[in-house]
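Visitor: Okay, here's the prediction I keep looking at, along with the sequence it came from:
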Amino acid sequence: MKGGFYTVLMFLALTGPAHCTSFPFMDTSAIERGRKVFMEACRVCHGLKYYRDRAHPQGITALMDEASLREGFGMVPPDLSLITSARGRGTGGALYVYRLLTGYYREDGVLKNRALKEWRGGDGVTAMPPPLPEEGLKEKARDVAVFLHHVADPKEAERRSIGRYVLGYTTLMTILLYLIYRRVWRALKKLHRALSG
Ligand code: HEC
C-alpha cells in the first residue's frame, strides 16, 4: 500500500512538466492561412528576417531588392518580424495591423490610412498602396495579422499552455505533500508514544 503511494508520487513528479506543448492558444489554421496571405500579398515589399521555418531557415527576404523599393516608394518598407510587438501590447499589435490593412480612405483624391494617422499623427498619407483586394479583405487582414502576431511571439501558445499546466501541477503537488506530511507526523507520534510508553 505504502509502496504504491510513493510510486504514484514519483511517477507524477518525474512525468509532470515533460509534456506541456499542446493546447494552441492561437488558431493554427488562421496562422497558416495568414502565412499564405503574407507570401502572396506582402512579401513583394516586406521581409521577415527573424522568421524561421523548415523552408526558410534564414528568415524571409522581400522579393524586390532595396534599390527598387527605394525608387518605387521613396523608402525601404519595414521588416515585419516584430511589427506587432512594436505597435501594441498583447494582441494590440495584431489589431493595429488589421486596422491598417482595412483602414484606407480617400481625401481630396489622396489615399490615406486611418490607423497610420492615429499612430503617427499627421495627415495619414501613406507610401503603402492597399495590398489586399476588397474581396475577402477582412478575413485576409485578420489572418495575416494573426500570422504576424505569431511571428513576433512564436512561443506565446506554449507559454500559455505551460502556465495552465503549472497551476494544475502545483495544486496537485500541494495536496500530495500535505498527505505525506500527515503520514510522517502520524508515524512520528506513534514512535513517540512507543518510546515514552
Ligand atoms: C507594394 C509594396 C508593399 C506591399 C505589397 C505591402 N506593403 Fe506594407 N508597407 C509598404 C511601405 C512603402 C510601407 C511604409 C509606409 C509608410 O511609412 O508610409 C509599409 C508599411 C507597412 C507597415 C508598417 C506601418 C507602420 O505602422 O509603420 C505594416 C504593418 C505593413 N506595411 C504591413 C503590410 C502587410 C501585412 C502587407 C501584406 C498584406 C503589406 N504591408 C504589403 C509597402 C508595401
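Guide: Noted; the coordinates are in hand. Numbers count the residues shown, from 1 in each chain.

Visitor: tell me the secondary structure for Leu176?
Guide: helix (DSSP: H, G, I helix; E, B strand; the rest coil).

Visitor: Distance check, the closest residue in space to it that isn't next to it in sequence against Ile162.
Guide: Closest residue to Leu176 apart from its sequence neighbours, by CB to CB, 6 or more residues apart in numbering: Leu9 at 5.8 Å. Placement of C-beta: from N, CA and C, glycine included. Computed as CB to CB, to the nearest Å, the Leu9 to Ile162 distance reads 22 Å.

Visitor: Okay, and the residue nearest to Leu176 sits in which element?
Guide: helix 2-15 (DSSP states H and E).

Visitor: again, but for Leu111
Guide: strand 110-113.

Visitor: packing partners for that strand?
Guide: Other elements packing on strand 110-113 under the criterion 3 or more CB pairs under 8 Å, 6 or more residues apart in numbering; DSSP states H and E are strand 104-107.

Visitor: The same query, at a cut-off of 10 Å, please.
Guide: helix 92-101, strand 104-107 (3 or more CB pairs under 10 Å, 6 or more residues apart in numbering; DSSP states H and E).

Visitor: From the ligand, how far out is Tyr6?
Guide: Distance of Tyr6 to the ligand, computed by CB to the nearest ligand atom, to the nearest Å: 56 Å.

Visitor: ok, that residue touching Ile180?
Guide: Yes: counting by CB atoms under 10 Å, Tyr6 does reach Ile180; the two are 8.8 Å apart.

Visitor: out of the two, which sits in the busier spot?
Guide: Shown here are Tyr6 and Ile180; by other CB atoms under 10 Å, Ile180 has more neighbours (13 against 10).

Visitor: give me the low-pLDDT residue ranges for the chain?
Guide: Within the chain, the set of residues satisfying pLDDT under 70 comprises 1-3, 10-26.

Visitor: Contact residues of it facing the ligand?
Guide: Residues of the chain lying close to the ligand (CB under 6 Å from any ligand atom) are 37, 41-42, 44-46, 73, 75, 77-78, 80, 83, 87, 97, 100-101, 116, 119, 126-129, 131-132, 144.
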